[in-house]
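Trainee: No sequence on hand, only this structure:
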């Protein structure tokens, strides 16, 4: 799983990469079998939407679910990130975003590194996201929208929005978004379950609500170069991890092996 | 502007018709020039989003704006409707839905005729909608979603939702939508400004929020066969009109003529 020259250039220029079908249907099914029980848990790591019922995000799933623990060390996800960040990485954040059918709410326009810098004192944007689709992502179920090239603009001014959704977020204002879209346009990469998006920590993104009858389950792994670990510990450890040990990858078949056992 | 056999069959089978570029760029520009002043008015016909600022819907615009008054009698919109409803029609409702950039809120899953029957005592679903795009409608700015074939199911059970948005609506429950989509799928017709959608009064539809920096201005004309006029007058006359005079169409160039004068 080495990214080629064109992929490296696209990531550098556009700020993201779409990798179709990184995981097989069998691997996706194995992961999805775990999801309902995870999202059904009553624990602080599982954040609900404003209706206090619908699951919005389950944090740190790799620390309390064996199969997602394996996913967090999967070579098909971690090796490309080591390549892009040029060295060993640790997991800064790991979550399942449910964006549930009918009730999944928006994620406002934001940069992830903006939060990591402001809240966690992460020194540099040597950190990025992997989004793994566990459902088909279509135009109907609230796909991620990226503003290509916006990762070149550094950390943009942001306001702390604590009212729009159930989860506080450093969000960008309308004039900033208008100017960035004028320059880079908008894209909403879509594809079958098992596909992955890799995107720069400073890439501006958001996603609309999901009115469709189809869930849009996505795993987000935020990986950070080990030398660039966070310095501040204001947020709970299950939101901003404090274990900076480099990830040691498992074998390529690690997701299917336990199911077969 | 006669619909052909294939178009009539598609409307009957699927419940909607997409007509690209019914109006020229010059006609759309003339209409759009009027829109900011209309949406800026402080009057009961102009409904705001929950934030009490962003315009959501301006009702009855044809009664207080000359150019939209002409649009309401335009042969390219009214003649196909007279053909589909098999006779003369009057305007039951006329509105501009702003779905404003960044802040335009959802329209939940609903049937329009469900409301016209329950609230206005309209005898039969011999009434339908024309949606005229005044902005380009894309995957990003909250396009209408239709459940094809759902118009064949009659009036479906609905609940009166007075909390989700600033405007009360008879909405359908999740199980109903799931079953209808299982059968008919989902479509979100998109196209350039000047395009029109014609859809059956019982076709189930909704639209997501608009997170993009692009407005999605759409005019909705709800036309009803004159024999099928409403019997109850519970809602304000600017929401459910009480003038059942058949529309007399104007000449085809009626939108450009005043601008030229």
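Mentor: Structure's in. What do you need? All of these numbers come straight from a predicted model, not from anything done at the bench.

Trainee: and chain A, which residues reach chain B?
Mentor: A:101-102, A:106, A:108-109, A:139-140, A:142, A:145, A:174, A:177-178, A:181, A:186, A:188, A:206-213 (CB under 8 Å from any CB of the partner chain). Placement of C-beta: from N, CA and C, glycine included.

Trainee: Tally up the residues packed near residue A:179, please.
Mentor: 14 (other CB atoms under 10 Å in any protein chain shown).

Trainee: So it belongs to a helix, correct?
Mentor: Yes. Checked against DSSP: H, G, I helix; E, B strand; the rest coil, residue A:179 lies within a helix.

Trainee: Per-residue pLDDT of it, please?
Mentor: At residue A:179, the model reports a pLDDT of 97.

Trainee: Distance check, it against residue A:149.
Mentor: Applying CB to CB, to the nearest Å, the value for residue A:179 to residue A:149 is 12 Å.

Trainee: Can you say which of the residues of chain A next to chain B are buried?
Mentor: By neighbour count, with 16 or more other CB atoms under 10 Å in any protein chain shown, these hold A:101-102, A:106, A:108-109, A:139-140, A:142, A:145, A:177, A:181, A:186, A:188, A:206-213 as buried.

Trainee: so where's chain A uncertain?
Mentor: Along chain A, the model assigns pLDDT under 70 to residues A:258-261.

Trainee: So which residue is smack in the middle of chain A?
Mentor: residue A:220 (2.7 Å; CA atoms, centre = their mean).

Trainee: wait, isn't that residue in contact with residue A:128?
Mentor: No. Between residue A:220 and residue A:128 there is no contact under CB atoms under 8 Å: 10.7 Å.

Trainee: three-state assignment of the closest residue to residue A:11 other than its chain neighbours?
Mentor: Leaving aside its sequence neighbours, residue A:11 sits nearest to residue A:17 (CB to CB, 6 or more residues apart in numbering or on different chains; 5.0 Å). For residue A:17, the assignment made with three-state DSSP gives strand.

Trainee: contacting residues around residue A:17?
Mentor: Residues in contact with residue A:17 (CB atoms under 8 Å, 6 or more residues apart in numbering or on different chains) are A:3, A:7, A:10-11, A:80, A:197-199.

Trainee: Could you do residue A:233 as well?
Mentor: A:120, A:240, A:242.

Trainee: what residues are up against the closest residue in space to residue A:193 that isn't next to it in sequence?
Mentor: Distance criterion CB to CB, 6+ apart; nearest residue to residue A:193, sequence neighbours excluded, is residue A:28 at 4.7 Å. Neighbouring residues of residue A:28 by CB under 8 Å, 6+ apart: A:134, A:193-194.

Trainee: Sticking with residue A:28, tell me its helix or strand.
Mentor: Per DSSP states H and E: residue A:28 is located in helix A:25-39.

Trainee: now residue A:23, what's its secondary structure?
Mentor: At residue A:23 the chain is in coil, as set by three-state DSSP.

Trainee: and it, how many neighbours does it have?
Mentor: Neighbour tally, residue A:23, other CB under 10 Å: 23.

Trainee: quick one: it and residue A:256 touch, right?
Mentor: No. In this structure, residue A:23 is not within contact of residue A:256 by CB under 8 Å, at 10.0 Å.

Trainee: Let me see the ranges of the strands in the stretch 1-150 of chain A.
Mentor: In the stretch 1-150 of chain A, the strands defined using DSSP state E, counting those that start in this stretch lie at A:16-19, A:46-48, A:55-59, A:89-97, A:107-110, A:127-133, A:145-146.

Trainee: which one of these is the most hemmed in?
Mentor: Greatest average neighbour count among the strands of the stretch 1-150 of chain A goes to strand A:127-133 (a mean of 25), per mean count of other CB atoms under 10 Å in any protein chain shown.

Trainee: Show me what it is packed against.
Mentor: helix A:75-85, helix A:112-120, strand A:196-200, strand A:218-225 (3 or more CB pairs under 8 Å, 6 or more residues apart in numbering or on different chains; DSSP states H and E).

Trainee: List the contacts of the closest residue to chain B within the stretch 1-150 of chain A.
Mentor: Closest to chain B within the stretch 1-150 of chain A is residue A:139: 4.8 Å, counting by CB to the nearest CB. Applying CB under 8 Å, 6+ apart, we find residue A:139 in contact with A:188, A:190, B:139, B:188.

Trainee: do the same with residue A:85
Mentor: A:126-128, A:223-225.

Trainee: Can you measure across stretch A:61-68, start residue to end residue?
Mentor: Using CA to CA, to the nearest Å, the gap from the first to the last residue of stretch A:61-68 comes to 6 Å.

Trainee: Go through it and flag the buried ones.
Mentor: A:61-63, A:65, A:67-68.

Trainee: Likewise for stretch A:233-240?
Mentor: The neighbour-count check on stretch A:233-240 (16+ other CB under 10 Å) flags A:238-240 as buried.

Trainee: Between these, which sits nearest residue B:92?
Mentor: Comparing the buried residues of stretch A:233-240 against residue B:92 with CB to CB places residue A:239 closest, at 51.6 Å.

Trainee: just checking, the closest one touches residue A:93?
Mentor: Yes. Using CB under 8 Å, residue A:239 is in contact with residue A:93, at 6.5 Å.

Trainee: Common neighbours of those two, please.
Mentor: Joint contacts of residue A:239 and residue A:93 (CB under 8 Å, 6+ apart) are residue A:59.

Trainee: quick one, helices of the stretch 151-261 of chain A?
Mentor: A:174-184, A:257-260 (DSSP state H, counting those that start in this stretch).

Trainee: These into TSV, with extra columns for distance to residue B:43?
Mentor: Below are the helices of the stretch 151-261 of chain A laid out as TSV (distance: least, CB to CB, whole Å):
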stretch	distance to residue B:43
helix A:174-184	26
helix A:257-260	63
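
Trainee: burial count for residue A:175?
Mentor: There are 9 residues near residue A:175, going by other CB under 10 Å.

Trainee: Residue A:42 now?
Mentor: If you count neighbours by other CB under 10 Å, residue A:42 ends up with 6.

Trainee: how near is it to residue A:48?
Mentor: 10 Å.

Trainee: Tell me who's in contact with residue A:45.
Mentor: A:58-61, A:64, A:238.

Trainee: Residues in a beta bridge with residue A:205, which ones?
Mentor: residue A:110, residue A:146 (DSSP bridges).

Trainee: Any idea how many residues pack against it?
Mentor: 26.

Trainee: so what's it up against?
Mentor: Counting by CB under 8 Å, 6+ apart, residue A:205 has contacts A:107, A:109-111, A:144-147, A:199.

Trainee: repeat for residue A:23
Mentor: A:31, A:76, A:132, A:194, A:196, A:255.

Trainee: which of those residues has the most neighbours?
Mentor: Among these, the one with the most neighbours (other CB under 10 Å) is residue A:132, at 25 neighbours.

Trainee: ok, for it, nearest residue in space, not its chain neighbours?
Mentor: The shortest distance from residue A:132 to any non-neighbouring residue, by CB to CB, 6+ apart, is to residue A:219 (4.4 Å).

Trainee: my read: the one you found touches residue A:99, true?
Mentor: No. Counting by CB under 8 Å, residue A:219 stays clear of residue A:99, with 11.9 Å between them.
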